[in-house]
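Student: Sequence first, predicted model second:
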Amino acid sequence: MKKPARATQPQSAPASAPRVAIAIMAAGKGTRLKSQLPKVLHEVGGKPLLAHVIAAATRVVPPEDVFAIIGHEAGRVRSAVADTKVNFILQSEQRGTGHALMVAGEALSPYDNVIVLSGDAPQITPQTIAALLNFHLDQRAAMTLLSTDLADPTGYGRVIRKSARSAEVKSIVEEKSARPAQKKIHEINAGFYVFSVAQLFSNITKLSTANPHSEYYLTDMASLLRQTGQRVVVWKTENAAEILGANTRAELALIDHHMRLRKCQQLMTTGVTIFYPATCIIDSDVEIAADTVIEPFVQILGQSRIGANCRIRSYSVIRDCEIGDGALIRPGCVMEGSRIGATAILGPYSHLRPGSDIGEGAHVGNFVETKKIKLGKGSKANHLTYLGDSEIGAGVNIGAGTITCNYDGLKKHTTVIEDGAFIGSDTTLVAPVRVGKGAYIGAASCITEDVPEDSLGLSRAQQVVKQGWAKERRTLRK
Ligand code: UD1
Ligand code: CA
């Protein structure tokens with residue numbers, strides 16, 4: 001996928017452009033999710049929470065300037081996002097958000113500013129991160145925090161401004177420590193910050209654990225920095241959805257819902273028709289070209305890419321597939337890790353397992369299962385068939401009920417069917433076996449030997465006809 005230009009690099013960067021790092025706090029266990037899986041690996045929009053935050057971060061600064069602070073199940077978290085090329089910092093004991101930054105001090109020392117993101121808030125956009133950074137630089141602040149107004153601010157830290165009109169912040173008060181009057185404040189701390197690295201780390205050791213959670217709160221940096229005469233400011237976003245954190249299963253579901261609606265809306269603006277979008281599950285990384293129609297109750301997952309003018313009918317589940325222009329996917333198809341050529345027709349009820357490569361204009365019909373096969377241009381396998389480990393040429397007709405016997409109990413073997421061959425219904429092809437170009441296989445054959453080009457292969461019991469047998473039997477019964 002094409003990456004948009006990085007959001008922060010000014011057009012003509014001065015020689016003294018500030019060096020900016022992004023730290024993502026992702027070490028927590030996520031106690032409120034009651035899960036074996038670490039919090040940041042729970043999925044929304046088809047990928048882990050942390051992967052979304054990293055994706056936003058790496059559109060603002062290069063991956064080598066992104067530091068994920070991990071701790072709980074660090075190995076698992078690291079391998080889940082290893083392909084992103086970001087750095088990892090280990091916070092082996094999780095003693096609070098302030099402590100998470102303490103352990104990152106050395107790694108962040110070469111930078112002027114650090115943007116701090118929460119690994120459990122996946123809807124943050126590169127635009128908002130960049131806007132927060134720009135505000136911080138404009139304001140020459142030591143700390144800038146992102147806020148939003150929430151109708152129900154329960155559970156969040158509240159922003160205490162110097163005065164209602166001022167961008168300057170006196171402190172952030174956590175829910176558990178807030179006085180009744182402070183609890184009435186609707187402006188909440190979103191959990192995203194920019195710090196001057198020098199100011200953060202020359203004051204961070206002053207944090208204490210004298211609070212109801214006995215943790216080092218990063219939020220306490222606001223009042224600490226202010227007390228040393230530093231400037232602490234807040235930048236408010238109208239888009240409250242962007243800051244939602246997934247602390248509970250209910251919040252996970254809500255974020256997933258938001259994200260998928262946003263994905264559908266984005267696809268519709270680029271010319272994709274989606275009927276009844278609330279019923280469609282389309283993962284964040286999926287690409288769909290214009291004039292393709294998605295019917296209700298369709299799932300398109302993973303890294304799938306769908307061309308233009310396709311129609312994906314209801315109840316199909318498509319994962320990591322590439323589908324060419326003008327293809328028709330009839331209802332109820334399940335396909336994974338496969339490539340479908342332009343104008344191909346699939347289904348209803350086709351099952352394409354990984355490695356299926358369906359050629360241009362080919363047809364795969366109902367109750368046909370494929371795995372690791374190449375089906376050539378214009379070939380047809382329309383009914384009740386299993387094709388595995390096969391190379392099938394162009395213009396081949398596979399009759400109903402054809403089975404490739406690809407597994408001998410120990411090893412997999414390949415079936416080759418060359419261009420223009422005709423496989424009669426109910427044929428079993430015992431691999432390894434080859435059917436030559438233009439050859440015919442008589443219906444109900446069990447083919448164990450190669451059939452040369454343009455010949456007929458036939459292997460079935462000779463038919464016996466006993467004249468009058470049935471009639472005689474009926475008279476016997478009387
Ligand atoms: C935090 C803020 C709160 C804010 C809210 C916004 C603090 C003290 N409070 O609360 O003001 O309104 O976010 O969502 O910061 N983490 C670590 N190491 C730790 C502890 C946490 O990496 O030792 C990570 C977590 O994995 C998580 C993030 O930091 O990704 C935030 O921690 P969390 O416990 O969710 O903070 P909140 O209670 O949501
Ligand atoms: Ca949180």
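Tutor: Received it, and whenever you're ready, just let me know what you need. Ligands and ions are numbered 1, 2, ... in the order given.
Student: sec struct for the residue in the stretch 351-478 of the chain positioned nearest to ligand 2, please.
Tutor: As assessed by C-beta to the ion, ligand 2 sits closest to Pro354 within the stretch 351-478 of the chain, at 36.6 Å. C-beta coordinates here come from the backbone N, C-alpha and C atoms, glycine included. When classified by DSSP: H, G, I helix; E, B strand; the rest coil, Pro354 comes out as coil.
Student: Residue numbers of this structure in contact with ligand 2?
Tutor: Counting by C-beta under 5 Å from the ion, the chain comes close to ligand 2 at 120, 245, 247.
Student: Identify the residues contacting the last one.
Tutor: Residues counted as contacts of Asn247 (C-beta atoms under 8 Å, 6 or more residues apart in numbering) are 30, 32-33, 120, 155.
Student: Pull out the buried members of the residues you listed.
Tutor: Buried subset of these (neighbour count, 16 or more other C-beta atoms under 10 Å): 30, 33, 120.
Student: mind listing the strands for the stretch 51-200 of the chain?
Tutor: 66-70, 87-90, 113-118, 143-149, 158-161, 169-173, 187-196 (DSSP state E, counting those that start in this stretch).
Student: And the first one, what does it pack against?
Tutor: Other helices and strands packing on strand 66-70, by 3 or more C-beta pairs under 8 Å, 6 or more residues apart in numbering; DSSP states H and E, are strand 20-26, helix 49-57, helix 74-80, strand 87-90.
Student: re the thing from before, now render the strands of the stretch 51-200 of the chain as CSV, adding mean pLDDT and distance to ligand 1.
Tutor: Output for the strands of the stretch 51-200 of the chain, formatted as CSV (pLDDT from 0 to 100; distance: least, C-beta to the nearest ligand atom, whole Å):
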stretch, mean pLDDT, distance to ligand 1
strand 66-70, 98, 5
strand 87-90, 98, 10
strand 113-118, 98, 4
strand 143-149, 98, 9
strand 158-161, 98, 8
strand 169-173, 97, 6
strand 187-196, 97, 3
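Student: Mean neighbour count added to those strands, as a markdown table?
Tutor: Listed next are these as a markdown table, based on neighbours: other C-beta atoms under 10 Å:
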| stretch | mean neighbour count |
| --- | --- |
| strand 66-70 | 25 |
| strand 87-90 | 17 |
| strand 113-118 | 25 |
| strand 143-149 | 24 |
| strand 158-161 | 21 |
| strand 169-173 | 21 |
| strand 187-196 | 25 |
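Student: pLDDT added to the residues of the chain next to ligand 2, as JSON lines?
Tutor: As requested, the residues of the chain next to ligand 2 are exported to JSON lines (pLDDT from 0 to 100):
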{"residue": "Asp120", "pLDDT": "95"}
{"residue": "Gly245", "pLDDT": "91"}
{"residue": "Asn247", "pLDDT": "91"}
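Student: Now do the phi/psi pair for Gly359.
Tutor: phi -70, psi 170 (degrees, to the nearest 10).
Student: Just confirm it contacts Ala342, I think it does.
Tutor: No. Contact status for Gly359 versus Ala342: not in contact, 9.3 Å apart, counting by C-beta atoms under 8 Å.
Student: Who has more neighbours out of the two?
Tutor: Gly359 (23 against 17; other C-beta atoms under 10 Å).
Student: Could you double-check that Ala222 sits in contact with Leu145?
Tutor: Yes. Counting by C-beta under 8 Å, Ala222 touches Leu145, with 7.0 Å between them.
Student: Let me see the contact set for the residue nearest to Ser35 when sequence neighbours are not counted.
Tutor: Distances taken as C-beta to C-beta, 6 or more residues apart in numbering put His42 closest to Ser35, at 7.0 Å, once the chain neighbours are dropped. His42 makes contact with 30, 33, 35, 48-49, 246, 252, according to C-beta under 8 Å, 6+ apart.
Student: Take the contacts of Asn247 and write them to TSV, including distance to Gly388.
Tutor: Listed next are those as TSV, based on distance: C-beta to C-beta, whole Å:
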residue	distance to Gly388
Gly30	41
Arg32	45
Leu33	40
Asp120	42
Gly155	52
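Student: Closest one to ligand 2 out of the residues you listed, please.
Tutor: Asp120 (4.9 Å).
Student: could you measure that closest one against Gly245, distance?
Tutor: 5 Å (C-beta to C-beta, to the nearest Å).
Student: do Val430 as well
Tutor: Taking C-beta to C-beta, one finds Val430 at 57 Å from Gly245.
Student: What of Pro180?
Tutor: Taken as C-beta to C-beta, the span from Pro180 to Gly245 is 24 Å.
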